[in-house]
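Student: with the sequence up front, the predicted model follows.
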Amino acid sequence: MSIEANPRAVAVRALVEWQRGKTFADEILHAAQANARLSDRDRAFFRELFYGAIRWLAELDFLISRFRDAPLEEEARAVLRLGFYQLWHMRVPAHAVVNESVTLAGRARGVVNAVLRRALREERELTRALDRAPQSVRWSHPDFLIDRWVSAFGEDATRALCEWNNQPSAVFVRANGLRTTADELRRSAPDARLVAAHPSALEVDHLPPEWLRDGLCYVQDPSTLIACDLLAPQPGETVLDLCAAPGGKTSYLAELMRNEGRIVACDLWESRLVRLRENMERLGVRNVEPLVHDGMRASEQLARASFDRILVDAPCSNTGVIRRRVDVRWRLTDEDFLRMPAQQLALLRRAAELLKPGGTLVYSTCSLEAEENEDVVRSAVAAVPALRLIDQTRTIPFVDGIDGAFAARLMRV
């Protein structure tokens, strides 16, 4: 097997790129899978290695630090992180982990060999050290996130949330109601399971490629459908999806409208709308008009009080989807929870100007934080007297078994 086809080698290169901090993990993973010559089995192994090492980063670095105080080169640290992940979290024979890691370590072969072999000899001591380590190490989340969740939810719930975040995410799809039903899809795939969280959702272990090819489904967590159901667009209405790409919610809105009426789907970048257009074509959606638009600004193409319903799926901290977006926890800072609510409130107030009297606006995030959810809605209602809060809902990952999300329905009176 060539080095390019070795999933461990691909994982080392990907982890080194991620360690440099300029590219998101999912972008690195997709690029690596597209460029590397990997079998389906090796592709799955690479994904587990790469995402697992990022999830358990704090624990892995703690283990490394027990044997190595001196600085490590980027590649050597990546090799050791992946080595310790295999030893602590995967059923990989120890001799295979050590031998493969040493082979990949280059000039650091001696260091990697010594660290991993000593770790195997001292496994009991390391396990006891981990048991005594701070929560941020044992749960592999930053201190500030643990502190804010303990304050909001309590310690037991925070532990459950961190445990949820550290598990590989399930694959959910939404049956495209313009072409099929969830029951029809389930009958065509033995391992597909209906999901209690939503009647259109299925969980699959192996996604049949023809489902995607023929536009029968969209890969989508059920939590993302809640805001659309709350908006409840009707056939023939004029709807604005203010932060639309890549189009998962947009296509479901079109399904609810039975492809009748008009949906203006906005995004800041044309490159993201290209993907949205491709998804709409694949899914058979015909009533969507993509528009490059910054939702924070006025536009001549979006007249005031011209939309029956508006969906504001606001950019947020993503704390409800950390299980799926594995590196979010390491990118967030305390300052993000001061900066984002101000932007979200401005976006919501701008959207309210475009809503018809009697119209419905749904504000949604994939955040668990009150500052980005209930507090933003409360501030918007106070700042825009015409807005009235009708109802709001949320999902908690370890309670509902799906991603975390928040949605509030408001009306302009």
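Tutor: Nice, I can see it.

Student: what sits against residue 237?
Tutor: By CB atoms under 8 Å, 6 or more residues apart in numbering, the contact set of residue 237 is 257, 261-262, 308-309. The C-beta positions use only the backbone N, C-alpha and C, and glycine is treated the same way.

Student: that one and residue 231, how far apart?
Tutor: 10 Å (CB to CB, to the nearest Å).

Student: what's the overlap in contacts for the two?
Tutor: The contact lists of residue 237 and residue 231 share residue 309, where a contact means CB under 8 Å, 6+ apart.

Student: quick one: low-confidence parts of the stretch 1-150 of the chain?
Tutor: Counting by pLDDT under 70, the stretch 1-150 of the chain has low-confidence residues at 1-4.

Student: tell me the contacts of residue 73?
Tutor: By CB under 8 Å, 6+ apart, the neighbours of residue 73 are 107-108.

Student: backbone dihedrals for it, please?
Tutor: phi -70, psi 160 (degrees, to the nearest 10).

Student: count of residues packed around residue 246?
Tutor: Look at residue 246: counted by other CB atoms under 10 Å, it has 17 neighbours.

Student: pLDDT value on the nearest residue to it once chain neighbours are set aside, please?
Tutor: The shortest distance from residue 246 to any non-neighbouring residue, by CB to CB, 6 or more residues apart in numbering, is to residue 275 (4.7 Å). Per-residue confidence at residue 275 stands at 96 (pLDDT).

Student: let me know the secondary structure of residue 275.
Tutor: When classified by DSSP: H, G, I helix; E, B strand; the rest coil, residue 275 comes out as helix.

Student: buried residues of the host helix or strand of residue 11, list them for me.
Tutor: Residue 11 is part of helix 7-19, with elements assigned from DSSP states H and E. Within helix 7-19, the residues that count as buried by 16 or more other CB atoms under 10 Å are 7-18.

Student: could you export those residues as a markdown table, including distance to residue 89?
Tutor: Below are these laid out as a markdown table (distance: CB to CB, whole Å):
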| residue | distance to residue 89 |
| --- | --- |
| 7 | 16 |
| 8 | 15 |
| 9 | 20 |
| 10 | 19 |
| 11 | 14 |
| 12 | 17 |
| 13 | 21 |
| 14 | 17 |
| 15 | 15 |
| 16 | 20 |
| 17 | 22 |
| 18 | 18 |
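
Student: and these, which is closest to residue 281?
Tutor: Nearest to residue 281 among the buried residues of helix 7-19, counting by CB to CB, is residue 14 at 31.1 Å.

Student: would you agree the closest one is in contact with residue 33?
Tutor: No - checked against CB atoms under 8 Å, the pair residue 14 and residue 33 is beyond contact range at 9.4 Å.

Student: need the residues touching each of those two.
Tutor: Contacts common to residue 14 and residue 33, judged by CB under 8 Å, 6+ apart, are residue 46.
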